[in-house]
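J.: 3D, please:
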Amino acid sequence: MTDWERCRPWLEAALEDAQGVFEVEDVEAQIAKGEAVFWPGEKAAAVTQFIETRKGKFLLFWLAGGDLPELRRMHVAIRQWGREQGCVRSLIIGRPGWARVLGYEPAWTTMTKEL
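T.: The predicted structure is shown next:
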């Protein structure tokens, strides 16, 4: 079994909060194209991307699921890797609880509505 196959259920569960915007196949395709980075753990997984603007390069934690204590440890290591890649700040897209758990400041709100 590959890391992706083992970690996929955690990421699928996290995508349930995305209200149908993304499917796990979308995530897999972005990783395959090099547009996202997959971080497998023993009991957790994360997916990150870079965002580059005139203000600098940012590390976006786009998707995470699995064991919370392990995700906290992974978060520290991934942020260090982001600094080494030239990132000046990290961002998270996710539920509001991530701000509290990982020490982030809320910056904006994402909203959705059917068309």
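J.: which stretches in the protein count as helices?
T.: In chain order, the chain shows helices spanning 3-15, 24-32, 68-84, 97-102, with DSSP state H as the criterion.
J.: burial-wise, tell me which of these comes out on top.
T.: Highest mean neighbour count among the helices of the chain (mean count of other CB atoms under 10 Å): helix 3-15, with a mean of 16. C-beta: built from backbone N, CA, C; applies to glycine.
J.: now find how far off-centre it is within its chain.
T.: Once both centres are worked out by CA atoms, centre = their mean, to the nearest Å, helix 3-15 turns out to sit 12 Å from its chain's centre.
J.: now that helix: average pLDDT?
T.: pLDDT averaged over helix 3-15 equals 95, rounded to a whole number.
J.: quick one: contacts of it?
T.: Applying CB atoms under 8 Å, 6 or more residues apart in numbering, the contact partners of helix 3-15 are 22-24, 27-28, 31, 38, 40-41, 44-45, 47, 63-66, 94.
J.: on that earlier part again, distance to residue 113 added to the helices of the chain, as CSV?
T.: CSV is the format used below for the helices of the chain (distance: least, CB to CB, whole Å):
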stretch, distance to residue 113
helix 3-15, 19
helix 24-32, 20
helix 68-84, 30
helix 97-102, 22
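J.: rewinding a little: out of the contacts of helix 3-15, list just those in strands.
T.: Secondary structure defined by DSSP state E assigns 38, 40, 44, 45, 47, 63, 64, 65, 66 of these to strands.
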